[in-house]
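[1] turn this into a structure:
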Amino acid sequence: MNHHSAHPGTSPGTTRGRLLEAAELLFIKHGYEGMSLRQITSHAKVNLAAVNYHFGSKEALVQELLSARFDRLNQERLELLSVCEQRYGETAMDACAVFGVLFVPAVRLSRDSAGGVGFMRLLGRVYSDPSQFIRDYLHEHYQPIYARFFEAFARALPHLSRNELGMRLHFALKALAGVLASEDMDELISAMCMGEPVSDSLMLARLIAFVSPMLTAPFDNGEQIQAVDRVMTMAASAAQAADSKLLAQGNDASPRKSRGTAPLWTGKVVEA
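    Sure thing, here's the model as predicted:
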C-alpha cells in the first residue's frame, strides 16, 4: 500500500488508517459485496478485532471511508456551482459547463496528496457499484447534491422533460463511472490524448465531449432509425452466414493462430 497516500483524517501508519486504506483498495478492486472483513484485515495486517474496535462493522467502516473521500468533494462541487452561477448567471451555464463543475473538483482532488492516485477509480467504483448498501448510502447522504445539479442541468437543457433528463443523466453518469472505475487517471489520460502531452483542462474537455452528447443528441432521429432498420433487415442472413462459417471451421482440423479480440487500431494508438 505504499503507493497510496495516508487516508484523510488519519495519521499515516495507524491501525485505523491502514484499515481505511485497505478497504479503499479492495473496494476499488472488488466492489462492496466482493470484499470481506477478512480480506481487509489481512491487507491491513491487523486482526479482526481491530475492525470491531475502531468501526464496529464492515458497513460502518465503508461509511467512514465514503464520508472521508466524498464529503469534501461534494462540498467543493456545490461551492464551485454557486460561484459559476453567480459569475455567469444561472441561465448562462450550458450542459458542458455543468459537467465541468462536476469533474473539475474530482480531478483536482485526485492530483492532491489528500486524494491519492486511486481517487478517480474509487469515485467510478462507488457510482457503478450495484450493491443496495452503496445505493442506499449515496441516496441518503448525497441526494440534496444530486438534486442541486439536476436543476442546473434542467436549466441548461430546458427543452428536455424532467423524466427524459433524468434518464439521460443516469446513462451518461453510469457510462462515465464504468470508465473511471476501470482505469487509473494516467491510463485514462493516455488513452484519451493518444500520446499527446495535454493539460487536465484539455483532457476534461475531451471527456466532456464524449459524455455531453448523451444529454444533447436528439431522440427518434428519422435517419438514424432508418439506418438501424436497414441493418436489422440484414441481420438474419448475416447470422446464417456466420453459422455456416463456424460449422465449416469446426470441420476443418487445421490449427489456427488466435488473433485475439483487440481492435486493429489499438496498436496504432499505442504507438502514437
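[2] show me what contacts residue 97?
    84, 88, 156 (Cβ atoms under 8 Å, 6 or more residues apart in numbering). The C-beta positions use only the backbone N, C-alpha and C, and glycine is treated the same way.
[3] send the alpha carbons of stretch 89-98 over as PDB?
    Provided in PDB are the C-alpha atoms of stretch 89-98 (Å, rounded to 0.1, in the frame of the first residue of the first chain):
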ATOM      1  CA  GLY A  89     -25.800  33.700 -14.300                       C
ATOM      2  CA  GLU A  90     -27.800  30.600 -13.800                       C
ATOM      3  CA  THR A  91     -29.200  30.500 -17.400                       C
ATOM      4  CA  ALA A  92     -25.800  31.100 -19.000                       C
ATOM      5  CA  MET A  93     -24.300  27.700 -17.900                       C
ATOM      6  CA  ASP A  94     -24.700  25.100 -20.600                       C
ATOM      7  CA  ALA A  95     -24.500  21.300 -20.000                       C
ATOM      8  CA  CYS A  96     -20.800  21.200 -20.700                       C
ATOM      9  CA  ALA A  97     -20.100  23.800 -18.100                       C
ATOM     10  CA  VAL A  98     -22.200  21.900 -15.500                       C
END
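[4] helices along the chain, start to end?
    Taking DSSP state H as the test, the helices found in the chain are 15-30, 37-44, 48-54, 58-88, 95-111, 119-128, 132-156, 162-182, 185-193, 200-211, 213-216, 222-251, 266-271.
[5] need these in JSON lines with mean pLDDT, can you?
    JSON lines is the format used below for the helices of the chain (pLDDT from 0 to 100):
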{"stretch": "helix 15-30", "mean pLDDT": "93"}
{"stretch": "helix 37-44", "mean pLDDT": "95"}
{"stretch": "helix 48-54", "mean pLDDT": "93"}
{"stretch": "helix 58-88", "mean pLDDT": "93"}
{"stretch": "helix 95-111", "mean pLDDT": "89"}
{"stretch": "helix 119-128", "mean pLDDT": "85"}
{"stretch": "helix 132-156", "mean pLDDT": "92"}
{"stretch": "helix 162-182", "mean pLDDT": "85"}
{"stretch": "helix 185-193", "mean pLDDT": "70"}
{"stretch": "helix 200-211", "mean pLDDT": "86"}
{"stretch": "helix 213-216", "mean pLDDT": "92"}
{"stretch": "helix 222-251", "mean pLDDT": "90"}
{"stretch": "helix 266-271", "mean pLDDT": "46"}
